[in-house]
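A.B. asks: Predicted model, plus sequence, below.
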Amino acid sequence: MHGLWKVFWSPTSRFSLGAILIAGGFAGIVFWGGFNTFMEYTNTLEFCVSCHEMEQKVYQEYKKSVHYSNPSGVRAICSDCHVPKEWLPKVVRKIKASNELLHKVLGTIDTPEKFEAKRFELAKNVWASMEANDSHECRNCHSYGAMHWEKQRPRSKEKMQVAFKEKKTCIECHKGIAHSLPAEAMMQEEDDAPRPAQVEAAPKTTKSMDKFLEEE
């Protein structure tokens, strides 16, 4: 032990090994803290809507949704729905999100027209990701086990209990819950639903899922 202690503090040409390790450890702590602080900053609502593509379109839709304003006063922000809370999956998601910087530079969706043209494709990518992880981010807040069935509206109670028995994942029924549902998705649902003959198809429009559920 004495020999190890001596080696630890033995000097190099300018500094002892111990001083180098202590300085390196301190620098590592500073770097790690800075890295995590910046990563958490990128999870804030302010950061998510700092580019005009998000601020002008999906943010305005989100502000009209129940995730933004509701009777309980609990607000879910972008990262709550789109970024895992676990550290490693969170880092992986951030790495994947770096692709968005490329498209920011390329101006892929820098106008409302370009965004609407891409909306269905972008939405399908998100839906596929959420189906693949069993709506993991949704389940950070929502759980079948915590639901009070008797306090739900009759139609909601019926649908949710069926979903529970069939082990459906949230996104299967709640597409468009925070943003306008793409017109193509609305038309697809209408085509899949049984309807009387000679009924004219609904016009191609976008609609928020909140409004859609209210009408249901």
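C.D. replies: Arrived safely. None of these values were measured; they are calculated from a predicted model. Numbering: from 1, shown residues only.
A.B. asks: which residue ranges form the helices in the chain?
C.D. replies: 2-9, 17-41, 45-48, 52-53, 59-62, 78-82, 87-106, 112-132, 136-139, 154-165, 183-192, 209-215 (DSSP state H).
A.B. asks: what's the neighbour count on residue 119?
C.D. replies: 21 (other C-beta atoms under 10 Å). Every C-beta, even on glycine, is put in place using the N, C-alpha and C of the backbone.
A.B. asks: contacting residues for the nearest residue to it once chain neighbours are set aside?
C.D. replies: Excluding the flanking residues, the one nearest residue 119 by C-beta to C-beta, 6 or more residues apart in numbering is residue 182, at 4.7 Å. Residues near residue 182 by C-beta atoms under 8 Å, 6 or more residues apart in numbering: 119-120, 123, 176, 206.
A.B. asks: 6 Å instead?
C.D. replies: Residues near residue 182 by C-beta atoms under 6 Å, 6 or more residues apart in numbering: 119-120, 123.
A.B. asks: Identify the residue nearest residue 75 in space, chain neighbours excluded?
C.D. replies: Nearest one to residue 75, counting by C-beta to C-beta, 6+ apart, is residue 68 at 6.1 Å.
A.B. asks: typo on my end, residue 55
C.D. replies: residue 49 (4.5 Å).
A.B. asks: is it true that that neighbour touches residue 57?
C.D. replies: No. Checked against C-beta atoms under 6 Å, the pair residue 49 and residue 57 is beyond contact range at 10.0 Å.
A.B. asks: Overlap of the contact sets of the two?
C.D. replies: Joint contacts of residue 49 and residue 57 (C-beta under 6 Å, 6+ apart) do not exist.
A.B. asks: which parts of stretch 161-172 are buried?
C.D. replies: 163, 169-171 (16 or more other C-beta atoms under 10 Å).
A.B. asks: hmm, which two among the residues you listed are most spread apart?
C.D. replies: Greatest spacing in these, by C-beta to C-beta: 163 and 171 (11.2 Å).
A.B. asks: For residue 30, give its distance to residue 23.
C.D. replies: Between residue 30 and residue 23 the computed distance is 11 Å (C-beta to C-beta, to the nearest Å).
A.B. asks: ok so, going back, rebuild the helices of the chain as TSV, extending it with mean pLDDT and distance to residue 146.
C.D. replies: Shown next, in TSV, are the helices of the chain (pLDDT from 0 to 100; distance: least, C-beta to C-beta, whole Å):
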stretch	mean pLDDT	distance to residue 146
helix 2-9	63	53
helix 17-41	88	26
helix 45-48	94	25
helix 52-53	86	35
helix 59-62	94	24
helix 78-82	95	17
helix 87-106	90	23
helix 112-132	94	20
helix 136-139	95	10
helix 154-165	92	12
helix 183-192	78	28
helix 209-215	53	20
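A.B. asks: Fine, thanks again, bye for now.
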